[in-house]
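Chemist: my questions concern the predicted model and sequence given below.
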Amino acid sequence: TGVVPFVALLLLQRRPVASRALLVTGSGCPSHSLCRSNVLEQTRKQVAVLNATAQELFSLYLKCQGEPFSSESDKLCNPAGIFFPAFRVNRTSERKEVMVAMYKLFAFLNASLGNITRDQEELNPMAKELLERLHNTTKTTRGLISNLTCLLCKNYNIFQVDVRYGDSSKGKSAFKKKQQGCQVLRKYVQVIGQAARVLLPHLSPS
């Protein structure tokens, strides 16, 4: 499998990629000046915002899809059958391990939000509040990825990480697009709370 640089990962956010975990250290990190002085504080706030708004985003998404999603969300949005990055770190894990796991999680989420937003612009173009929340979540997620990139480079000289993305929804039926979106967002609600509990203690100044 190929190793994808951070910048390329952002450009290839909608491309399905399946690959093993791989860390690369060396002299390839960009200048540490890319890190803002308040990067830890900013990262903590971004994680907190995503955690605080995840359930509202999922609930609004369901409302905008109509039936049968509104009444059968437990069945239709069960995420058991979809890929979502494994999240096996905890508060006692090494800080570097946590940061890498977080990067993989939010890179995946960023790509998934791109798919969901594209589909909703097609299927529910008048759902202004939902589209705005999707765009805002994507904006926060991209900022978080940028900060995690900076922290991995600055603290561990890690500049490349393999990331596996989920399947694109292109070419699927409207129902399947709606279902894939609600499965991803349901899983996101489940994982973001755990991610926040694990990551926030690791974002205190060293």
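Modeler: Done, it's in. Keep in mind the model is a prediction, meaning the values are calculated, not measured.

Chemist: can you get me the start-to-end distance on stretch 60-75?
Modeler: End-to-end distance for stretch 60-75: 17 Å, by CA to CA, to the nearest Å.

Chemist: helix, strand or coil for Phe159?
Modeler: Per DSSP: H, G, I helix; E, B strand; the rest coil, the local secondary structure of Phe159 is strand.

Chemist: my guess is it meets Cys153, correct?
Modeler: Yes - using CB atoms under 8 Å, Phe159 is in contact with Cys153, at 5.5 Å. Placement of C-beta: from N, CA and C, glycine included.

Chemist: quick one: the helices in the protein?
Modeler: For the chain, the helices defined by DSSP state H cover 6-11, 39-65, 73-76, 95-123, 128-156, 174-199.

Chemist: looking at those, which is nearest to Cys29?
Modeler: helix 128-156 (3.8 Å; CB to CB).

Chemist: show me what counts as buried in that closest one.
Modeler: 130-131, 133-134, 137-138, 140-154 (16 or more other CB atoms under 10 Å).

Chemist: please report how far Leu199 lies from Gln46.
Modeler: 10 Å (CB to CB, to the nearest Å).

Chemist: more crowded one of the two?
Modeler: Leu199 (24 against 21; other CB atoms under 10 Å).

Chemist: from what I can see that one touches Val47, true?
Modeler: Yes - counting by CB under 8 Å, Leu199 touches Val47, with 5.7 Å between them.

Chemist: starting at the chain centroid, how far to stretch 167-179?
Modeler: Stretch 167-179 sits 19 Å away from the centroid of its parent chain (CA atoms, centre = their mean, to the nearest Å).

Chemist: mind listing what's buried in that stretch?
Modeler: Buried residues in stretch 167-179, defined by neighbour count with 16+ other CB under 10 Å: 168-169, 177-179.

Chemist: got those residues as JSON lines, with pLDDT and distance to Leu123 columns?
Modeler: Compiled in JSON lines, the buried residues of stretch 167-179 are given as follows (pLDDT from 0 to 100; distance: CB to CB, whole Å):
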{"residue": "Ser168", "pLDDT": "84", "distance to Leu123": "15"}
{"residue": "Ser169", "pLDDT": "88", "distance to Leu123": "10"}
{"residue": "Lys177", "pLDDT": "96", "distance to Leu123": "7"}
{"residue": "Lys178", "pLDDT": "96", "distance to Leu123": "7"}
{"residue": "Gln179", "pLDDT": "96", "distance to Leu123": "12"}
